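Novice: build me a model:
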Amino acid sequence: MKRSVFLTIPLIFSSAVCFAGGKPATASDIAGIKEAMEDRLKDSDSAKIKDVRLTGDEKSGWQFCGSVNAKNSYGAYSGFTPFMGMKLKGTDGNISYVVLGVDDSVEQVCRKYGL
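Specialist: This next block holds a predicted model:
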């Protein structure tokens, strides 16, 4: 278990280094990110996503940061929470989205790199 934690942390920080600048997410990016959040949110259908910025390229993949507000277990919105992740293009040409984290610690990484 510790081994996977140590392997994940460098991935997050190496991705974050590329965040300087960035461009706004498209509607299809937002849809892909919402789908990727299904396992992370109590009610992903209620997710409101804003301020998503992407950086990177097709070869190495794109990184993104943004904020999400979704309903909690009580059916109330819990407030906007920062998230970060990656947009990847597979060898078959399909685009996939991976959300690496949804919590306040992500905000510090995204702010440090300008997103």
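Novice: where does Gly79 land in three-state SS?
Specialist: coil (DSSP: H, G, I helix; E, B strand; the rest coil).
Novice: grab the nearest non-local neighbour of it.
Specialist: Distances taken as CB to CB, 6 or more residues apart in numbering put Asn69 closest to Gly79, at 6.1 Å, once the chain neighbours are dropped. (Glycine included, C-beta is placed from N, CA and C.)
Novice: likewise for Val99?
Specialist: Gly85 (4.1 Å).
Novice: just the helices from this protein, written as ranges.
Specialist: Assigned by DSSP state H, the chain shows helices spanning 2-16, 27-36, 104-112.
Novice: re earlier: now do the contacts for the residue nearest to Val99.
Specialist: Contact analysis of Gly85 by CB atoms under 8 Å, 6 or more residues apart in numbering lists Ile33, Ala36, Gln63, Phe64, Tyr97, Val98, Val99, Leu100, Gly101.
Novice: can you report how many residues neighbour the second one?
Specialist: Going back to what we said before, that points to Ala36. 19 (other CB atoms under 10 Å).
Novice: can you check Lys42 too?
Specialist: 12.
Novice: just Asp103 next, same as before
Specialist: If we define neighbours as other CB under 10 Å, then Asp103 has 11 of them.
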